[in-house]
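Engineer: sequence and computational prediction follow.
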Amino acid sequence: MISENSILRFARGTRLQHDRVRDVWFIQAPERAFHADPIAVEVLQLIDGTRNVGDILDLLCQKFSAPREIIARDVLTLLQDLATKQVLQAI
């Protein structure tokens with residue numbers, strides 16, 4: 001279960017990648033790929049294996065001047081979904 005204290009990284013062989021030709025971001029994983037919408041890209045670019053989810057939420061709140069509760073709900077749902085799909089893993 002992903003929480004605000006979780007520190008995440010991309011699973012081995014998985015990364016966020018930008019396709020310059022199509023100007024789209026996607027998550028490249030072994031034998032599969034996921035399109036990353038602009039909101040997911042903002043979140044995933046902050047995952048570096050050192051920040052916890054709470055720190056990421058704080059950065060997003062500052063950047064978008066939005067209520068933390070709303071951002072936290074959406075981001076935690078996204079991160080849990082990607083962890084379930086074995087794209088992200090907790091350290």
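Structural biologist: Looks like it came in fine. Every value quoted in this text rests on a predicted model; they were computed, and no experiment measured them. Numbering: from 1, shown residues only.

Engineer: for L46, which non-adjacent residue is spatially closest?
Structural biologist: I56 (4.6 Å; C-beta to C-beta, 6 or more residues apart in numbering). Every residue, glycine included, has its C-beta placed from N, CA and C.

Engineer: okay, now that neighbour: neighbour count?
Structural biologist: 25 (other C-beta atoms under 10 Å).

Engineer: tell me the pLDDT of it.
Structural biologist: Note on I56: pLDDT of 98.

Engineer: can I take it that it is in a strand?
Structural biologist: No: I56 is assigned helix when assessed by DSSP: H, G, I helix; E, B strand; the rest coil, not a strand.

Engineer: that one and N5, how far apart?
Structural biologist: Distance, I56 to N5, by C-beta to C-beta, to the nearest Å: 12 Å.

Engineer: over to I39?
Structural biologist: Counting by C-beta to C-beta - I39 and N5 are separated by 22 Å.

Engineer: comparing the two, which residue is more hemmed in?
Structural biologist: Counted by other C-beta under 10 Å, I39 and N5 do not tie: I39 has more neighbours, with 14 against 9.

Engineer: and the more buried one, what element?
Structural biologist: helix 38-44 (DSSP states H and E).

Engineer: check which residues of that helix are buried.
Structural biologist: By neighbour count with 16 or more other C-beta atoms under 10 Å, helix 38-44 contains the buried residues 40-44.

Engineer: again with stretch 81-90
Structural biologist: 82-83, 87-89.

Engineer: likewise for stretch 47-60?
Structural biologist: For stretch 47-60, a neighbour-count test (16+ other C-beta under 10 Å) marks 47, 52-53, 56-58, 60 as buried.

Engineer: avg pLDDT for the top helix by length along the chain?
Structural biologist: Secondary structure of the chain per DSSP state H: the longest helix is helix 68-84. Averaged across helix 68-84, the pLDDT comes to 97.

Engineer: and the contacts of the very next helix or strand once past it?
Structural biologist: Remark: after helix 68-84, the chain's next helix or strand is strand 88-90, criterion DSSP H and E. With contact meaning C-beta atoms under 8 Å, 6 or more residues apart in numbering, strand 88-90 is reached by 2, 6-11, 14, 47, 79, 82-83.
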